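Asker: please work out how this folds:
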Amino acid sequence: MHRLVSQSTFKCALCLRAIKQQNAVSNLHKNVSRQFSQASPLRGEDASKVTKDSEDQASIEAQILKQASKNDLEKKGAEKELGAMSRRLLEATEDALLEGGRAGRKAVEEAGFSEELKARLLERVEASTFKSENVSAFTEASFASNIGRGSRDIATGQAWTGQEAAEDTVLRMLDDARKPLNPGLRGPGKIPSPIVDLRLKKQPKQRPGERLANARDKTSIYTISKDSQMSEREREEFRKELKERFSPGARPMPNSIRGLAALANERIEDAIARGQFKNIPRGKAIERDARADNPFIDTTEYIMNKMIQRQDIVPPWIEKQQELVKTANVFRTRLRNDWKRHAARTIASRGGTLQEQMRTAEIYAQSEAVHNPKKRAVEQISVPTNTTDDPVMVKIVQEVPSSSTGDPVIQILAETKEDEIDIGKISPLKTNRQPASEQTSAALPPPFRIPSWEESEQSYLKLAITDLNSKTRSYNLMAPDLAKKPYFSLERELQSCYADVAPQLAAAIKERATRPAKELVEKIGHRPGGIMERFGSDKVNVYDSKRPLYGFKEFWNDLFGDKQP
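Answerer: Alright, predicted model coming up:
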């Protein structure tokens, strides 16, 4: 028997694809141009009506398409008419409306654009602004129904702006506040439930003593409850006493933590019900420094001062201040002592009695008080400067009047290293009266000065003032603005020295004249005793003691004797 063998030619995938496309195109043309081969007799009657309706509909569609094509051509022509400059101006206008705010809108209105163009631009701006504000809503609305929940959350999430949001920061800080527990400690501990034995058990036998006590209690309870002489209040108190026997305090103490917590909570609630928590003091008040909220104190300076006080630390500028004050006091003390000694010697060397010398010193003191009074009520205003090479310090000096009738004069001076410049004087209104000091100033001599002494001490004084100013400069570099000190001036120090020493000259002259003369050379004469007694002291101290004497024998035994362990 012969087999039937089907012979078929091999075709590649590209050829099959091309054939399918050709078949699809031919079928499409066939469907479009398909007509009925035989017309129905029923359809022959309305053929004319159908053709008329189709012609009318075709004409209407042709008119709509023609009008739409005209509008499109007009729009295209208008768009084609816009050149590069027009498009650039349109973009600049849109940018001004988008980013310029009120100023941009005002500039667009003043530029003279047409109302239609402005309305269109503003509409585009509002649409873009609304879309940018609701990006997530537009994104979610454009999703298809087959997109999952996770993809929706990722797409509608807030975009990263370069800074962390406040709620995310708070959540992260709360998570990082406590270290997470180990996995084994995170869950609540499992407490094993007690095993309940449901088997019947015999009641434990009571001892005779327990039975007797229970019977006695029951008898007393029955007797008291039936007693007619007891009031209702006494019976209520007796019932409470009986109930307390079944309270948690009367039972054995619990062995578990929960039992202890329950017992503590119950006792606390009972105490609250009795009113024991009403008048409890609220605790110790918090000590708060009033300077912490002072707006006139620098926060950094306040914190540093608190740290220094708490740790008992001395800042470096305090040590420098102590050194500066000590050096200034030593310099001023020496200057006053030298001037007082030299002035007293000079006045005493002029001759005369002691009373005349003291009277001369008192006259010079009065003249010094008139011409160079002591400065009081001095306020130093520190001027913060970056460099202290040439600072300007302002000093407000209020001169104290020499008499009660005089009026004070406030003088403002601007001091520098070299000189003093008189900025201004503020004095009260002039009156006809004159102070008594002005009347007597004409009869007083000028203040007592010795130019030769100043010239001889000039080198030392300048060197000392230079040293003080260098220490003041190093101190001002460390100290805060409120603690800075002015520089020293030689003229000011001399005037202060003269004013302080002048009232003391009379007492110094009297002390110098009345004190005994000091023997500068020891007198050599005959003294009783031998030569060896001259090397000894005049006074001998003898101590009486009852302890045994320590002589040469004891010394020898200690030196060469047997050493006992």
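
Asker: CA atoms for contacts and neighbours, from now on please.
Answerer: Noted.

Asker: for stretch 467-479, buried residues please.
Answerer: For stretch 467-479, the neighbour count (16 or more other C-alpha atoms under 10 Å) marks Asp467, Leu468, Asn469, Lys471, Thr472, Arg473, Tyr475, Asn476, Met478, Ala479 as buried.

Asker: any idea which element the nearest residue to the last one once chain neighbours are set aside lies in?
Answerer: This points to Ala479. Counting by C-alpha to C-alpha, 6 or more residues apart in numbering, Trp317 is the residue found nearest to Ala479 once chain neighbours are left out, at 5.4 Å. Secondary structure from DSSP states H and E places Trp317 in helix 316-349.

Asker: buried sites along that helix?
Answerer: Of the residues in helix 316-349, 317, 320-321, 324, 327-328, 331, 335-336, 339-340, 343-344, 347-348 count as buried by neighbour count, 16+ other C-alpha under 10 Å.

Asker: using pLDDT, spot the least trustworthy of these.
Answerer: Within these, Trp317 has the lowest pLDDT, namely 85.

Asker: now the strands for the chain?
Answerer: Ranges of strands in the chain, per DSSP state E, are 375-381, 393-399, 409-415, 420-426.

Asker: Val170 and Glu164: what is the separation?
Answerer: With distances taken as C-alpha to C-alpha, to the nearest Å, Val170 is found 10 Å from Glu164.

Asker: I should have written Glu319 there, sorry.
Answerer: Glu319 is 48 Å from Glu164, by C-alpha to C-alpha.

Asker: next, count neighbours for Ile363.
Answerer: As a burial measure, Ile363 scores 20 neighbours (other C-alpha atoms under 10 Å).

Asker: ok so, going back, how about the residue nearest to Ala479, what does it touch?
Answerer: If a contact means C-alpha atoms under 8 Å, 6 or more residues apart in numbering, then Trp317 has Tyr475, Met478, Ala479 as its contacts.

Asker: right, and the first one touches Lys320 too?
Answerer: Yes - using C-alpha atoms under 8 Å, Tyr475 is in contact with Lys320, at 5.8 Å.

Asker: give me the below-cutoff pLDDT ranges for the stretch 51-200 of the chain.
Answerer: Scanning the stretch 51-200 of the chain with the threshold set as pLDDT under 70 gives 51-82, 94-114, 187-190.

Asker: now do the chain
Answerer: Within the chain, the segments meeting pLDDT under 70 span 1-82, 94-114, 187-190, 228, 242-255, 376-442, 519-540, 542-543, 563-565.

Asker: coming back round to it: and the contacts of Trp317, which is closest to Arg288?
Answerer: The nearest member of those to Arg288, counting by C-alpha to C-alpha, is Ala479 at 26.8 Å.

Asker: and the closest one, how close does it get to Lys306?
Answerer: In this view, Ala479 and Lys306 are 16 Å apart by C-alpha to C-alpha.

Asker: what's the neighbour count on the closest residue to Ala365 other than its chain neighbours?
Answerer: For Ala365, ignoring the flanking residues on the chain, the nearest one in space by C-alpha to C-alpha, 6+ apart is Ala502 at 4.7 Å. Around Ala502 there are 23 other residues, counting by other C-alpha under 10 Å.

Asker: just the one 10 residues further on next, same as before
Answerer: Using other C-alpha under 10 Å, the number of residues around Arg512 comes to 15.

Asker: domain assignment for the chain?
Answerer: Domain assignment of the chain by automatic domain parsing yields the ranges 91-130, 317-429+463-514.

Asker: for Leu468, what are its contacts?
Answerer: By C-alpha under 8 Å, 6+ apart, the contact list for Leu468 reads Leu324, Thr327, Ala328, Tyr487, Phe488.

Asker: of all the residues you listed, which two lie farthest apart?
Answerer: Using C-alpha to C-alpha, these span at most 13.5 Å, a distance reached by Thr327 and Tyr487.

Asker: picking that back up, how about the contacts of Leu468 in a markdown table, adding distance to Gly551?
Answerer: Shown next, in a markdown table, are these (distance: C-alpha to C-alpha, whole Å):
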| residue | distance to Gly551 |
| --- | --- |
| Leu324 | 59 |
| Thr327 | 56 |
| Ala328 | 59 |
| Tyr487 | 70 |
| Phe488 | 68 |
